[in-house]
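Asks: Output the structure for:
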Amino acid sequence: MSQPIRKAVFPVAGLGTRFLPVTKAQPKEMLPLVDKPIIQYGVEEAVASGVSNIILVTGRGKNAIEDHFDVSIELETFLESRGKHDLLAEIRKISNMINFAYVRQGEPLGLGHAVLVARELVGNEAFAVILGDDVIDAAPPALSQMIKVYRDLDGPVLAVEKIPPEEISNYGVIDAVPLGGGVFEIRDLIEKPSRTEAPSDLAIIGRYILTPDIFGALDTTGKDRTGEIQLTNGLRHLLTRRRLYAYQIDGVRHDTGNKLGFLKAVVYFALRRPDIAAPFREYLQSIDIDRLVTR
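Replies: This next block holds a predicted model:
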């Protein structure tokens, strides 16, 4: 019988170089989508999926993430004194959301290495890995959908999405057999293949449900040509010992790890907000795009 998923690992030690200079002194995970930082969307998804413990694999300069999910007595006192009870409730909801633990990744040596760093906090149980860059709007939540597949099949589950051929080399890609209902049994995984080498158009995106035997597989996974330990390569080792599955999420995914994807996500979530959607849509429709581009 499959173990319950109580813990979710968030690797957040990356340097955010694609967003410099804004990420020189601010974690990219704290960039706002309307009025919530990117990472909060992933944490809320985990909470809504029944996860009770968040493990953040952090690095130098990531204190703002810890502060965001911590209690702020000064801010709460100020809001209460001004009668701003709605904002006070929102702030308290953040700090009371879930149990948080933090572990340092001395160097950003790849996603596989980040998972290994969390080993002692995860322990001998199945767990989720959530990459904050991938913000997924789904009902039920993306992780909740995956947990159902994990319970049905009692094995690791990777989230996948169909990716255009010109972008496929940016992802880990699976070779798999469809089982129906968006579920696949994986035959092989390839980390960042060329367009001609990709076995399919199904790319691994930022959600995983893993079993504790992934740690042993990662221990035997060497570094790649960039000096990093890739989770995809560790999963490939694990595939020689057990079955792995993939699931195509029913939802809308935004890759906020690049500038265009981030901007698309800002517009998307602004238009999902009842308090600002109408005036924001009106503003967008009023823009003379041709004139703006030619300036």
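Asks: which residues in this structure form strands?
Replies: For the chain, strands defined by DSSP state E occupy the ranges 7-11, 32-33, 36-37, 53-58, 99-104, 127-130, 134-137, 157-162, 172-180, 183-191, 202-210, 245-248, 252-255.
Asks: Of the ones you listed, give the one that comes closest to residue 221.
Replies: Ranking these by their distance to residue 221 (criterion: C-beta to C-beta) puts strand 183-191 first, at 10.7 Å. No exception for glycine: its C-beta is placed from N, CA and C like everyone else's.
Asks: Which neighbours in the sheet does that closest one have, and how are they oriented?
Replies: strand 172-180 (antiparallel), strand 245-248 (antiparallel) (DSSP bridges).
Asks: got CSV for those strands, with distance to residue 132, mean neighbour count and mean pLDDT too?
Replies: Converted to CSV, the strands paired with strand 183-191 look like this (distance: least, C-beta to C-beta, whole Å; neighbours: other C-beta atoms under 10 Å; pLDDT from 0 to 100):
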stretch, distance to residue 132, mean neighbour count, mean pLDDT
strand 172-180, 17, 17, 94
strand 245-248, 19, 22, 97
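Asks: what's the closest of those strands to residue 76?
Replies: Across these, residue 76 has its closest neighbour in strand 245-248 (39.8 Å, C-beta to C-beta).
Asks: now the strands paired with strand 183-191 as TSV including distance to residue 38?
Replies: Shown next, in TSV, are those (distance: least, C-beta to C-beta, whole Å):
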stretch	distance to residue 38
strand 172-180	21
strand 245-248	23
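Asks: And the ones you listed: which comes nearest residue 48?
Replies: That would be strand 245-248 among the strands paired with strand 183-191, by C-beta to C-beta, at 17.2 Å.
Asks: roughly how far out does the closest one sit from the chain middle?
Replies: How far strand 245-248 lies from its chain's middle: 16 Å, per C-alpha atoms, centre = their mean, to the nearest Å.
Asks: how close does residue 155 get to residue 217?
Replies: As judged by C-beta to C-beta, to the nearest Å, residue 155 and residue 217 stand 14 Å apart.
Asks: cool, residue 34 as well?
Replies: Distance of residue 34 to residue 217, computed by C-beta to C-beta: 39 Å.
Asks: Tell me which of these two has more neighbours.
Replies: Legend: neighbour count by other C-beta atoms under 10 Å for residue 34 and residue 217, higher for residue 217 (22 against 16).
Asks: Residue 169 versus that one, what's the distance?
Replies: Taking C-beta to C-beta as the measure, residue 217 falls 24 Å from residue 169.
Asks: that older thread, between the strands of the chain, which one is closest to residue 228.
Replies: strand 183-191 (9.9 Å).
Asks: Show me how far the closest one is from its chain's centre.
Replies: Taking the mean of its C-alpha atoms, strand 183-191 sits 20 Å from the chain's own mean (C-alpha atoms, centre = their mean).
Asks: Name the residues of it that are buried.
Replies: Residues of strand 183-191 classed as buried: 183, 184, 186, 189, 190, 191 (neighbour count, 16 or more other C-beta atoms under 10 Å).
Asks: Using JSON lines, please lay out those residues together with pLDDT.
Replies: What follows is these, written out as JSON lines (pLDDT from 0 to 100):
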{"residue": "183", "pLDDT": "97"}
{"residue": "184", "pLDDT": "96"}
{"residue": "186", "pLDDT": "96"}
{"residue": "189", "pLDDT": "92"}
{"residue": "190", "pLDDT": "90"}
{"residue": "191", "pLDDT": "87"}
